Structure formats: C-alpha cells, structure tokens
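Asks: The sequence and its predicted three-dimensional model are supplied below.
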Amino acid sequence: GQLGRNHLISPRTMQKPKDESVYSFNVEYLDKVASLVRKYILFYHLSNGMIEMYDPKNRRTFLKKCRYESITLKDLYLGAKISVYSRLLTVVSYGDDFTKRSLQKANSKTLCIVKAPAYEFAGKILDFFIQKGFVLTNTKMCNLLPQQAAVVVGSQGMNEEAKSLAVDNVFAFEFTCKDALSKMNDLCGLGGQPADSKLRKILAKLPLEAALYTANSSSDVQRQLDFIFGKQIPTIASFNNCTVCCIKPQAVKDGYCGVVIDAILNEGYEISALEMFRLDIEAAKEFLEVYDTVIPHYSAMVKHMTEGPIIAMEVRTEKEETVSLFRELAGPADPVVARHIRPHTIRAKVGKDKIKNGIHCTDLPEDGVLESEFFFDILQKAK
C-alpha cells in the first residue's frame, strides 16, 4: 500500500494550521501482522477536503496532506470505518473540542426499523429518508425474538410495540444527520405535525405505526443501536436458491441504496439477508478471488470494494436459476453499455464506470451459496 511510503515524510511535530478550519479525529488501525492496534490522529481540511495523519506515539507525520476523494466529511463520525490506502481505520473519538463542538450535533444518530408489513416498501422508505438528508451509516435485516424486541423498545414485558417487531424479518437502519432523532420523528408525524405526505403516499393504506418503529428518546438511541448491530442478533441467511448482490461503496455514497433495494423487491425477488460491511484488503481479495487473472481491472475492483461501506444482500427465489435470473436484472458490467442496451437494469441506473458499476452480483450458479456464506457466515464469525 502507498500509506507510509509515498506519503511518509520526515518526523516533525504536527500542529493544526491556524488559518483554516481543520477537524481532527482519533482513529485506530488493527495491524493484523503485528497483532497491534495502532493509533493515529486524522486531520480533515474543510477548505479543500484534504486529509493528513499524525502518529502521536512516534511523534511524526504518518500521511502528508493529500487529496483522498473517497473520504468526505460525512464519512467521519464516531464509530465510522474508513479506508485509507486499503487500511481500514475506525474513528474512535473527536480529536479536539473544536471538532466535537462543530460535529457532535451535526452527526447525531437515530434508529428506524421497517416492520414486516412494510417489507415491500423498504427500498422506497430508505430512499425517502436519504433524499431528506439522512446518511445511512449502518443497516441489518433481522428476525427479532420476542424478548429481543422488548429490549429494543425498552419495555419490561411484551407491549404492543414489541410484539409488532417480533412478527417476521425487519430492516433496521441507522441514520446520521443534524438533529437526527427529532427530524426523523417530525417526518413520521410524532412531533405534533402530520406525517410527511410523501412518506404516507409510499405506505399507501398501511398505517405508519404498523410500518415503522423509530427511536423516541436520545437516551435510548445508542443503547438500541449497540444491541441491534451487536453480536446478540444473529444472521438470518437461508443459504439456498440464492444469489448475492452487493451495493458497492460509490453507490452507497451516492445515496442509491434505497433505489437498488426497491428495484430488487419490485421484480419479485426476496431479500432474505442484508447487512452493511466494511471490507479490508484481505477480505476484498478473498471475496473477488475468482476474478484474479480473469479480468484486467481486478486490482482496481478490489481497491474500490475497500473504499467505503458495502451492503451485502442474500437474494432468493424459489427457482434454481436465481443466479442467472438476477444477472439479467443487474445488467452488463459496464454501466455505459448498460445504459445503451439495457437501460432498465440496476447498473444502468446507479453505475458510473466498469469499476464503480453500482453493484456486484454472483456470476456463477455454483457460487450463490458460497458468496452468501462468505458474508453471512465467515465474516460474521470473524467479527
């Protein structure tokens, strides 16, 4: 990797420039080779979007100031995992009071759960909130047991809200934006105003309380997020008659997650497992190993899969040809070609180029279950 070679400069004490606004974050990198957690300070320059990194232990600049297009300010929030030259960094805390004061309110989190009766509308609901300025920072499909649902809503026993979450598979979404909790509840009609008309239109005749659960107090949000996205809630993948669709980092960043999910559900496919992952270089290489030596842009494809979060989905039908059928919906690997000859396919709608083509989907029929096991078994166990 380039980090620590091309960008490493001579030791010096790094100070924040005083002539511009610079945000700082404490980040950690798990060095698997040395079995060490390495700590750095990452600086983000507001004026030009450049980043730099400082190694406080050795008191030297680790990454000199450079432009890194895959990282923007909205990617930098507590708990975020970002990839810098194929190294997966975790943002553990704000680096100074200025950054904390500036971003703490702007990067507040909230939880929204799409309940089982609104399953078919999940993609449209997600897209609605993204269009309203929410950033999707985590997501997972789960099947809550009654006692788990009670933990989520904070009830001692099984009240009606908890019961409504323990019916069937639900989509859990973690969103980040300024005043996230109050903004979410206002849109859902919980702040004294009617629910947003566009959201009501999406749900058709389904009552909002039957479709969505949202966090109702800031004191509950982090507890709920830690529980749902922690290890207590197991994966629900089926590992049969399936293919895998991954929404790639560029499409996630561009806000196309809801569009992709809606396209899949609209075509009658079942999404039987879904989760957000951050791949390091080793995991990306392992997942895409079948393409090594087969396609010329393999290295670039691996690199892109580490540049931000991906959303992996197990997609099912009751037919044995699920993999080949879904490839038709995905469209040609080159979105430019797709827009000319298959304009209604997913890649035609959300892809940019051969590398950032919106989604990955399983190519070989025998790999459908294997790819699902990679995300929903192997990576789960590695967490």
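Replies: In hand now; what should we look at?

Asks: so residue 30 touches residue 37, yeah?
Replies: Yes - at 5.7 Å, residue 30 counts as touching residue 37 under the criterion of CB atoms under 8 Å. Just so you know, the C-beta spots here come from the backbone N, C-alpha and C atoms, and that holds for glycine as well.

Asks: List the contacts of residue 253.
Replies: 70, 72, 75, 308 (CB atoms under 8 Å, 6 or more residues apart in numbering).

Asks: For it, give me phi and psi.
Replies: Dihedral angles of residue 253 (phi, psi; degrees, to the nearest 10) stand at phi -60, psi -40.

Asks: Check residue 215 too.
Replies: phi -60, psi 140.

Asks: Check the spacing between it and residue 95 real quick.
Replies: Using CB to CB, to the nearest Å, we find residue 215 at a distance of 28 Å from residue 95.

Asks: With neighbour numbers in mind, choose between these two.
Replies: residue 215 (26 against 22; other CB atoms under 10 Å).

Asks: can you tell me which of the contacts of residue 253 are in strands?
Replies: Taking DSSP state E, every one of the contacts of residue 253 sits outside strands.

Asks: any idea where the strands of the protein begin and end?
Replies: According to DSSP E, the chain carries its strands in the segments 22-31, 36-45, 50-55, 60-67, 81-84, 87-94, 108-114, 135-142, 170-177, 212-214, 242-247, 270-277, 310-316, 359-361.

Asks: any low-confidence regions in the stretch 201-350 of the chain?
Replies: Filtered on pLDDT under 70, the stretch 201-350 of the chain yields no residues whatsoever.

Asks: Neighbour-wise, which one of the contacts of residue 253 leads?
Replies: Within the contacts of residue 253, residue 308 tops the neighbour count with 22 neighbours, counted by other CB under 10 Å.

Asks: how about residue 316, what does it touch?
Replies: 238, 240-243, 269-272, 322.

Asks: The stretch 201-350 of the chain: helices as residue ranges?
Replies: 208-211, 218-228, 249-253, 257-266, 281-287, 298-305, 322-330, 335-341, 346-350 (DSSP state H, counting those that start in this stretch).

Asks: how about JSON lines for these, with distance to residue 200 added?
Replies: Listed next are the helices of the stretch 201-350 of the chain as JSON lines, based on distance: least, CB to CB, whole Å:
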{"stretch": "helix 208-211", "distance to residue 200": "7"}
{"stretch": "helix 218-228", "distance to residue 200": "24"}
{"stretch": "helix 249-253", "distance to residue 200": "27"}
{"stretch": "helix 257-266", "distance to residue 200": "17"}
{"stretch": "helix 281-287", "distance to residue 200": "40"}
{"stretch": "helix 298-305", "distance to residue 200": "38"}
{"stretch": "helix 322-330", "distance to residue 200": "29"}
{"stretch": "helix 335-341", "distance to residue 200": "33"}
{"stretch": "helix 346-350", "distance to residue 200": "26"}
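
Asks: Of those, give the one that comes closest to residue 144.
Replies: Set against residue 144 and scored by CB to CB, these come closest in helix 218-228, at 8.5 Å.

Asks: So what angle separates the directions of the closest one and strand 135-142?
Replies: 50 degrees (axes from the mean of the first three to the mean of the last three CA atoms, to 10 degrees).

Asks: Now do helix 218-228: which elements does it pack against?
Replies: In terms of contacts (3 or more CB pairs under 8 Å, 6 or more residues apart in numbering; DSSP states H and E), helix 218-228 is packed against strand 108-114, strand 135-142, helix 146-153.

Asks: Counting neighbours, which bits of the last one end up buried?
Replies: Burial within helix 146-153, assessed by neighbour count using 16 or more other CB atoms under 10 Å, is assigned to 148-153.

Asks: Over to stretch 226-233?
Replies: 228-229, 233.

Asks: gap between the two ends of that stretch?
Replies: Taking CA to CA, to the nearest Å, stretch 226-233 runs 10 Å from one end to the other.

Asks: hmm, who's touching it?
Replies: Here stretch 226-233 has contacts from 111, 138, 140, 142, 144, 148, 151-152, 172, 174, 383, using CB under 8 Å, 6+ apart.
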